[in-house]
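Chemist: whatever this is, show me its structure:
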Amino acid sequence: MLYLSPIRLCRLRSGHTAVTAGVTSLLLMLSCSEDHGLESKDMAPPARIHNLQCVAVDSTGVLLSWTAPGSDGSTGTPAAYDIRYSTSQIDTSIWNSASQVSNEPAPLPGRLTQTFRVTGLNASTVYYFAMKAADSASRWSELSNVAIGDVTRPVVSFSPITIDEISGLLTVPAIASDNHIVQRVEFYVDRCLRCVDTLAPWICSWDFAGIGDGSSHTIRITAYDAAGNESMPAQNTVLLHSTYIDHEPPVISSITFHSMPPSIQITLAKDRSGIDWDSFFVDVYVPTSEFEDFLPATRLLHTWIPDDFVPSEAACDGPEATAILRLDNMISGLPFGQLLKVVVYGGIRNRGFAETCSCEVYTYDFVKGGVRDLVGNHTEVVEEILTVYPPPY
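Modeler: Numbering: from 1, shown residues only. The predicted structure follows:
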């Protein structure tokens, strides 16, 4: 196989050199310049900008933000930007007729965040923004996503609600309007999100069946437009007189030991009226022998009263609540794999003492045993055996 240097190949193409027989193939694809050099050309345009957004809007301008593409896909630095806006939706068919902003910023290297403020806009007007990027060979990227600049808040309202008696669903209609598009309406009851409606008419239905009689609740409604503007909330307080009677007590669904930090977590499945934490007491016992019969062959390790912990309830009337009881240094002297007996109950505490297996323990006087909810329903006393693994000291 005959080897031709780039210079000899250029001469060959210029007619100065003959090619002898026996040349079967050329493995190089070369282009010749005046000084016989080689040039590699970039054929890829900049990548499409996909995260253009309006991060701040006021009465006269919009601050745009985006991630810079590269000159070749997402690498390198673009040569120029073309940023345009319109009062109607921008797509490829109207791109050329959209208004181009002046003094577009110099592009940054790919993957860096850029911002640019567009000024001279009219108040109470919705603007659409889009952009393209070009490389040094004037190859333009595809049209970016469209960002919406809107300075006007939506408006929402609803009629005052007067309720004498409710035993099922309450339907709350809202009236929402905007200079552009109302994208969604959110309905809150006592600061908890109950419904999100994305289509007019804006309606939420709330199940009042589990609400106690004579309780007061705040209904708040907020609307959002397509640019993310939030309305001033419409709010109304409702006093309920429900015919529902709650007979379901809270249920202790699990008692677990956590080693970091050493603690006992008690999880309760709430009924709709919640839990009366003032009736929540916990005793933890350490066995003095095998667990054939807990008493009297146990000693009291610690008693938690309502002032000893802060319960955590699931947000917005979630189905569970937890009480985390810190053991701290209580288990420092216990052997690895120690068994503990946990007793959860409620009632009115009696601060007297009693003698049990020659050790002092607190005793309690109960109106009714167990943990009680806000309506007065009581669970049964719950006893649980835990295996505790104290950390090495």
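Chemist: in space, what's closest to Asp135 - neighbours in sequence excluded?
Modeler: Ser71 (4.1 Å; Cβ to Cβ, 6 or more residues apart in numbering). C-beta: built from backbone N, CA, C; applies to glycine.
Chemist: and for that neighbour, the neighbour number?
Modeler: For Ser71, the count of nearby residues is 24 (other Cβ atoms under 10 Å).
Chemist: for it, what are phi and psi?
Modeler: Backbone torsions of Ser71, given as degrees, to the nearest 10, read phi -80, psi -20.
Chemist: next one: Val238
Modeler: Torsion angles, degrees, to the nearest 10, at Val238: phi -120, psi 130.
Chemist: and it, what is it in contact with?
Modeler: Ile161, Ile163, Ser216, His217, Thr218, Ile219 (Cβ atoms under 8 Å, 6 or more residues apart in numbering).
Chemist: domains for the chain, by residue range?
Modeler: Listed domain ranges for the chain are 1-40, 53-149, 155-239, 251-388 (source: automatic domain parsing).
Chemist: isn't the residue nearest to Asp135 right next to Pro46, touching?
Modeler: Yes. With contact defined as Cβ atoms under 8 Å, Ser71 counts as touching Pro46 (5.9 Å).
Chemist: returning to that earlier point: among the contacts of Val238, the buried ones, what's the PyMOL command?
Modeler: Those of those that count as buried under 16 or more other Cβ atoms under 10 Å are selected in PyMOL with:
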select buried, resi 217+219
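Chemist: which of the contacts of Val238 has the weakest pLDDT?
Modeler: For the contacts of Val238, the weakest pLDDT value sits at Ile163, with 62.
Chemist: which of the contacts of Val238 fall within strands?
Modeler: Members of those lying in strands (criterion: DSSP state E): Ser216, His217, Thr218, Ile219.
Chemist: and which of these is nearest Thr198?
Modeler: Using Cβ to Cβ, Ile219 comes nearest to Thr198 of the ones in strands among the contacts of Val238, at 19.3 Å.
Chemist: hey, what's the closest one bridged with?
Modeler: Beta-bridge partners for Ile219, by DSSP bridges, are Val189, Asn236.
Chemist: before we move on, back to that, farthest-separated two in the contacts of Val238?
Modeler: Across these (Cβ to Cβ), the longest gap, 13.4 Å, separates Ile163 and Thr218.
Chemist: what about the helices in the chain?
Modeler: 6-14 (DSSP state H).
Chemist: for it, where's the lowest mean pLDDT among helices and strands?
Modeler: Of all helical and strand segments in the chain, the minimum by mean pLDDT, DSSP states H and E falls on helix 6-14, at a mean of 39.
Chemist: residue contacts, Ile90?
Modeler: Arg84, Ala98, Tyr128, Phe129, Ala130, Leu143, Val146.
Chemist: contacts only, for the second one.
Modeler: For Ala98, the contacting residues are Arg84, Tyr85, Ser86, Ile90, Ala130, taking Cβ under 8 Å, 6+ apart as the criterion.
Chemist: would you reformat those as CSV and include distance to Leu112 and pLDDT?
Modeler: Shown next, in CSV, are the contacts of Ala98 (distance: Cβ to Cβ, whole Å; pLDDT from 0 to 100):
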residue, distance to Leu112, pLDDT
Arg84, 22, 97
Tyr85, 23, 96
Ser86, 27, 94
Ile90, 24, 95
Ala130, 20, 97
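Chemist: give me the subset of these lying in strands.
Modeler: Per DSSP E, those map to strands at Arg84, Tyr85, Ser86, Ala130.
Chemist: distance to Thr119 added to the residues you listed, as CSV?
Modeler: Output for the ones in strands among the contacts of Ala98, formatted as CSV (distance: Cβ to Cβ, whole Å):
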residue, distance to Thr119
Arg84, 15
Tyr85, 11
Ser86, 16
Ala130, 18
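Chemist: closest to Ser65 among these?
Modeler: Closest to Ser65, out of all of these and judged by Cβ to Cβ, is Ala130, at 13.9 Å.
Chemist: need the contact list for the closest one.
Modeler: Ala130 sits next to Leu52, Ile83, Arg84, Tyr85, Ile90, Trp95, Ala98, Leu143, Ser144, Asn145, Val146, Ala147 when contact means Cβ under 8 Å, 6+ apart.
Chemist: which of those residues has the largest number of neighbours?
Modeler: Ile83 (24 neighbours).
Chemist: OK, contacts around that one?
Modeler: Leu64, Gln100, Val101, Glu104, Phe116, Val118, Phe129, Ala130, Met131.
Chemist: PyMOL command to pick out the buried ones of those?
Modeler: Command for PyMOL that selects the buried part of these, burial taken from 16+ other Cβ under 10 Å:
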select buried, resi 64+101+116+118+129+130+131
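Chemist: distance to Leu340 added to the contacts of Ile83, as a markdown table?
Modeler: Below are the contacts of Ile83 laid out as a markdown table (distance: Cβ to Cβ, whole Å):
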| residue | distance to Leu340 |
| --- | --- |
| Leu64 | 61 |
| Gln100 | 74 |
| Val101 | 70 |
| Glu104 | 69 |
| Phe116 | 64 |
| Val118 | 66 |
| Phe129 | 63 |
| Ala130 | 65 |
| Met131 | 65 |
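Chemist: what's the closest of the contacts of Ile83 to Val343?
Modeler: Leu64 (62.8 Å).
Chemist: okay, now the closest residue to Asp72 other than its chain neighbours: neighbour count?
Modeler: Once flanking residues are discounted, Asp72 sits nearest to Ala44: 4.7 Å by Cβ to Cβ, 6+ apart. By the criterion of other Cβ under 10 Å, Ala44 has 15 neighbours.
Chemist: now do Ala44 against Trp140, distance only.
Modeler: Distance from Ala44 to Trp140, counting by Cβ to Cβ, to the nearest Å: 12 Å.
Chemist: is the residue lying closest to Asp276 once chain neighbours are set aside bridged to anything, and to what?
Modeler: Setting aside the residues directly before and after it, Asp276 is nearest to Arg372 in space (Cβ to Cβ, 6+ apart), at 4.7 Å. Beta bridges link Arg372 to His378 when assigned by DSSP bridges.
Chemist: start at 18 instead
Modeler: All right, first residue 18 from here; so that's Arg389.
Chemist: OK, contacts around Arg389?
Modeler: Contact analysis of Arg389 by Cβ under 8 Å, 6+ apart lists Pro266, Pro267, Ile292, Asp293, Ser296, Gly363, His395, Thr396.
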